[in-house]
Every structure is written in C-alpha cells, then in structure tokens.
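**Q** Quick one: sequence plus predicted model below, questions after.
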Amino acid sequence: MQIPEYYNPVARDIALALIGGFDKHYRLFRECNRQAKRMFEEGNWQGVQQAIRDRIQFYDNRVAETVARLHEEFHAELLDDEIWQQAKLYYIGLLTNHKQPELAETFFNSVFTRILHRDYFNNDFIFLRPAISTDYIESSPPSYQSYYPASQGVRHVMRQIIAQFGWRRPFTRLSRDLGMVLRMIGEHLGGNWPKPEANFQIQVLSSAFYRNKTAYILGKIINGHAIYPFAVPVLHDESGGLFLDTILLEPWRIGVLFSFSRAYFLVDMEVPSGYVQFLRSMLPTKSKAELYTMLGLQKQGKNIFYRDFIHHLQHSNDQFIVAPGIRGLVMLVFTLPSYPYVFKLIKDVFGGPKEIDRATVKKKYLLVKRHDRVGRMADTLEYSNVAFPVDRFTPELLEELRREVPSSLEEDGDRIILRHLYIERRMKPLNLYLQTASPAEKEAAVLDYGLAIKELACANIFPGDMLFKNFGVTRYGRVIFYDYDEIEYMTDCHFRRIPEAPNPEMEMSGEVWYPIARNDVFPEEFGAFLLGDPDVRRVFLEHHRDLLDVPFWQARQERIRDGVIEDFYPYPEPLRFVNRYPERY
C-alpha cells in the first residue's frame, strides 16, 4: 500500500502492529479448526472438546500481546488523539482487500479500549459502525459449492457432496444412508420435490462443522424462489466406519444446532462472513451475532450483539425492571421487557450461607463458557463498562442497584455505567412455569428437568443448587440450567448416603449427627426440597427416582473417569434413521 505523506509514521506502525496481532490470532484460530477434521477421523473426542476449550482463550491472548507491544514500543497511553485517528484511517486501508475485515475491526476495538478511557469510545477512534463491507469477498476455496442434479441425478450428486469433505474413514453403508436421505427429503417436500428435469441446484458449505462426536454437512436445495435448508450429521459406527445419522429439514430444527445452550463449532473458514451470509439464508431467524458466536467467533458475536442492543434502545421506550422470579442470593438480575435477554450482576454481598466470593463466581461462569453445554446450560455474554441511559431504569431497579451492587455501579450524569455484567437469553423460570402449566405441560417439564440433570451429569457437571428457580424453559419447552454459582465438576463431588442416626432421639432432633465436607452431596435429600407438589412428585419418581440415590451418581463418575464421552443428539431420537426406518437396519 502506498503510504500517504500526511500519515504520521507512528500511526502507520501502530496500524501495522494491530493488523499483525489480528492476523496472528486468525492464523492460530484456523489451525485449531483444521485439526478438527483429523480428530474426527481419529475418533479423538477428548481432543475435540479440548480444542473448543483452548480456542476460547486465543483472542484475549492476542489482544493482551498487542496491548503490551503498543505500550512497550509506542508508549500508547501517551499518544495524542490525532495519532490514534490516523492509525484508524491507515488500518481501514489495510482492510480493503482483507478476508476477515469485520473481525479485524473488532480486534482493533478490543485493543484500543484496553488502552484509553471510555470517553474515547466513539466512531472517531473505534469502529462503532463497520467501515468495510463484507459482501462478495472471494474465498479460496469458495465458501460453498454448487451442484446441479438434473444431468447426473440426486443420488450421484449426494455422493459427490460426501466426497467433497475428503474424510479418510470409509462409509460403512453409504448407499443405504443415501437412500434414506432421499426418502426423508421426499417425505418432507412431498409435491414440492423438484422434477428430475428441473434445473435446481444444491449448495453446500465447503467445510464441515465439527462438535462433540459429529461432523455436520450444511446446505440448501434451491428450486427457483424456493429454498429448502438441510443439515446431515455424520457419525462413527461401532466398527469405526462413518454413517449418515439423519437429515434435518425443518429450519427451526437446524437452528437448534446453533442454540445458545450448545458448544461452539469448529469450522475452517477463510471468509467467515461468507459462512454467516449462507447460514442466514438458511436460518433467517438467527441473528448475525448468534451465528458468529456459534462459529467460535464469540468476540465478533458480542460486538454485533451490542450494536443491535444499542439500536433497540434507540427505537424502544420501555424501562429496565427487576427480572420476575425469586431474587437470587448471588446475582442481581434485571431485564428489558421488549428485549429477550436478562442482565446479571454479581452482588457485593451474598445472601444466606454462601461460601464463595466474586472471583469464584466469575470462574464458574468461565467454566460454563469453556465446557460442553450439551444443550442444557445457557451461554452468556460478558461485558465491562457498559453505559445505559439512566432514564430507562425504573426507580425500584435503581434502588436495588445502589443497594446490592454499588461497587459495579457508576452514575455519570444521565448515564449509568455497569463495570461488569453478564447478558443471557431470557427464559421463563421453571418454578413459575410449573405454577401455570397445564397437566401435560407440567409432566413434560418435570420429565425434561430430570433429563437435563442426567445429561449434565454425563457431561461432568453437577448443578449444585437444583431448585426449579435455577432452571428455565425455552420457547421449545426445553429445560435449561442457568444459575452457576454452585456448579461443580461431577468428579469433584463426593456422593454419600446419610449415615444412620446413633439413636431415635438424635434422628428426630433435626440436628446433623455426621460430619459434612465441602463437596459432600446427599442425593436422598433432593426430594425434600423438589417434590412438594404431588403431581411433580409422581412424574419425577416415575421417571427419575434414580437421581435420589447414590449409585446413579457414582456410576456417572466412574464413566467420566474412564474417559467415556457420551452421545448427545441435538435432535430427537425418532428422527435418527435407525429409529425412523428400522427395517433398513
């Protein structure tokens, strides 16, 4: 790039240092994602989970490195405004032909906001709005491949699509699997299935999406103005070969793969914006923020989410209120009725017998961020120094903020600055849901509540506090855990039976007659605080009585310690080919 004469050389070097820091980050990010294919082929499920955990820290590490470099080489904290503005302008020039310009802009913001005061957080210094368009960025290989079945037939094209991914493991019975794929598509589309002579096309993203034990093929059938998205999970069978488990054809079911309660995908992308644009054409109800986040680009997801949130504030007039439900002992939670999220702050003083501190609570939330959430724990967005208009808070909420979180609160004229908070998808608390649910809804919720606890246990997570108020119900009726201050690894817990009392008088006294260590858990106590409602008790004991005894928990611990990674399907069991077409197995 030709350097204009008016550019200060310090501004130029700062811009080059920033783009160098970002490029290093994205190079390491892609290298990690590329390893997913090899680990999938090898069946290295522990490695897949570890890669997802490790990758989360990549971004912050590169930001910290770049901040340190700017301080050491340029004394960044002493530079005047003109140099920073010129650095931004030069940086924009460096992004003109960049493959990830939107991510690089966010990286610039992350570094800048760690150096200068928030008074500089405006569009003269950082990227409040994108400066570079991400439309039509070319990629090699292209973000997606197009196939035309009219001349070769759908079955042949489907074989080509499978071959595109170059998996070294053979498919055990690919002809059988493809037959079931075509049969299920035909059942779903009915009369809308394109005629053999129609010039329709199938578009498929070039990289597979890896998570847990599964590789997903994502694409869409295009026939004129009609678009039919699909997702095909690829798994290992007992012999070590590959097979197609099902095909998901309903957009909302495909959207569940990108749920906030799932771990992020490993996907090799040269141009991530191309993948996001393709996915949005398949899943129009998913926001860019959600898709970037689920592609492992959670900082970009946070950036877009915040822009969307500010836009919503500018075009709404309701007020933030204390979130409905039982007040928490550790977190203060508020919400904006017109916005489907809650905002959570760590209280200065914890209520009740809590034996944790602020640092421990933050570690628990980070644990959930890095762990496989198996569709049962809500992801959170973590922010620092967020400004809100003070007139959007109700007097009751303002009073509670001043009383419960004064160390996290700064009042600055017509603004309130919250120094640290978590933002999480809003759900209806399970305890409130059960109060108004029909008998059938209540039974389904209690059944799914027990399944949530069992699936978390298989994923090495013990919720700690299993009260219904700590679980929420999604719009699809799925029960999700969202209160993390007492969460523990299963392998750190000691599940015990309550010893017999030495005499009847001591048993009736209500006093504890046995020693209790910090991580001791007594499953037989769960029923006392969970099963007061007769209907809840009946359903729970019918389906989940094993949760009230020690053997269930100890058996789960043993499998975890043996290195067993359980199977979790983000789609219903009846959709699996083995269950839908049992005559073919």
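**A** Nice, thanks for sending it over. Numbers count the residues shown, from 1 in each chain.

**Q** where does this protein have low pLDDT?
**A** 1-7, 118-123, 196-197, 505-510 (pLDDT under 70).

**Q** can you list the domain ranges for it.
**A** Per automatic domain parsing, the structural domains of the chain span 9-120, 144-294, 316-426, 430-561.

**Q** Redo these as a markdown table? Include mean neighbour count.
**A** Heads up, the C-betas are built off the backbone N, CA and C, glycines and all. Output for the domains of the chain, formatted as a markdown table (neighbours: other C-beta atoms under 10 Å):
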| stretch | mean neighbour count |
| --- | --- |
| domain 9-120 | 18 |
| domain 144-294 | 18 |
| domain 316-426 | 16 |
| domain 430-561 | 16 |
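
**Q** For I310, which of these is the nearest?
**A** Minimum separation from I310 across the domains of the chain (C-beta to C-beta) falls at domain 316-426, 9.5 Å.

**Q** ok so, going back, output the domains of the chain in CSV; the columns should cover distance to G301.
**A** Below are the domains of the chain laid out as CSV (distance: least, C-beta to C-beta, whole Å):
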stretch, distance to G301
domain 9-120, 10
domain 144-294, 3
domain 316-426, 8
domain 430-561, 18
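
**Q** how about those, which one is nearest Y581?
**A** By C-beta to C-beta (comparing all of the domains of the chain), the closest turns out to be domain 144-294, at 5.5 Å.

**Q** Show the end-to-end separation of the closest one, please.
**A** 18 Å (C-alpha to C-alpha, to the nearest Å).

**Q** next one: stretch 367-387
**A** End to end - C-alpha to C-alpha - stretch 367-387 spans 27 Å.

**Q** helix or strand for Q86, which one?
**A** Using DSSP states H and E, the element containing Q86 is helix 81-94.

**Q** Next secondary structure after that helix?
**A** That would be, after helix 81-94 and using DSSP H and E, helix 101-112.

**Q** how far off helix 81-94 does that next one point, in degrees?
**A** When axes from the mean of the first three to the mean of the last three C-alpha atoms, to 10 degrees is applied, the directions of helix 101-112 and helix 81-94 differ by 160 degrees.

**Q** Other residues contacting helix 101-112?
**A** 18-19, 21-22, 25-26, 59, 62-63, 66-67, 70, 84, 88, 91, 95, 98, 120, 125-127, 130-132, 134, 137, 272-273, 297, 299-300, 303 (C-beta atoms under 8 Å, 6 or more residues apart in numbering).

**Q** With stretch 430-443 instead?
**A** Outside stretch 430-443, the residues that reach it (C-beta under 8 Å, 6+ apart) are 324-326, 445-446, 449, 467-473, 477, 479, 533, 535-536, 539.

**Q** hmm, back to that, could you say which one of the domains of the chain comes nearest to L575?
**A** Closest among these, using C-beta to C-beta: domain 144-294, at 4.9 Å.

**Q** Please enumerate the helices of the stretch 401-550 of the chain.
**A** 430-436, 439-458, 504-509, 526-530, 534-544, 550-561 (DSSP state H, counting those that start in this stretch).

**Q** And the domains of the chain: which comes nearest V578?
**A** domain 144-294 (7.9 Å).

**Q** quick one: the closest one to chain centroid distance?
**A** Centroid separation for domain 144-294 versus its chain: 21 Å, with C-alpha atoms, centre = their mean, to the nearest Å.

**Q** switch to numbering from 327
**A** Yep, numbering from 327; the last one is domain 470-620 now.

**Q** Could you point out the helix or strand that follows the helix or strand encompassing W578?
**A** Following DSSP H and E, one finds W578 within helix 577-583. Counting by DSSP H and E, the next helix or strand C-terminal to helix 577-583 is helix 598-608.

**Q** Tell me which stretches of the stretch 627-776 of the chain form strands.
**A** 647-648, 657-661, 667-672, 706-715, 735-738, 741-751, 754-755 (DSSP state E, counting those that start in this stretch).

**Q** would you turn those strands into TSV with distance to A541?
**A** Listed next are those as TSV, based on distance: least, C-beta to C-beta, whole Å:
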stretch	distance to A541
strand 647-648	44
strand 657-661	37
strand 667-672	31
strand 706-715	27
strand 735-738	46
strand 741-751	27
strand 754-755	34
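
**Q** To N786, which of these lies closest?
**A** With C-beta to C-beta as the yardstick, what comes closest out of the strands of the stretch 627-776 of the chain is strand 706-715 (19.3 Å).

**Q** Partner strands of that closest one and their direction?
**A** Using DSSP bridges, the strands paired with strand 706-715 are strand 741-751 (antiparallel).

**Q** Off-centre distance for the strand it pairs with?
**A** 19 Å.

**Q** how much does that strand deviate in direction from strand 657-661?
**A** 90 degrees.
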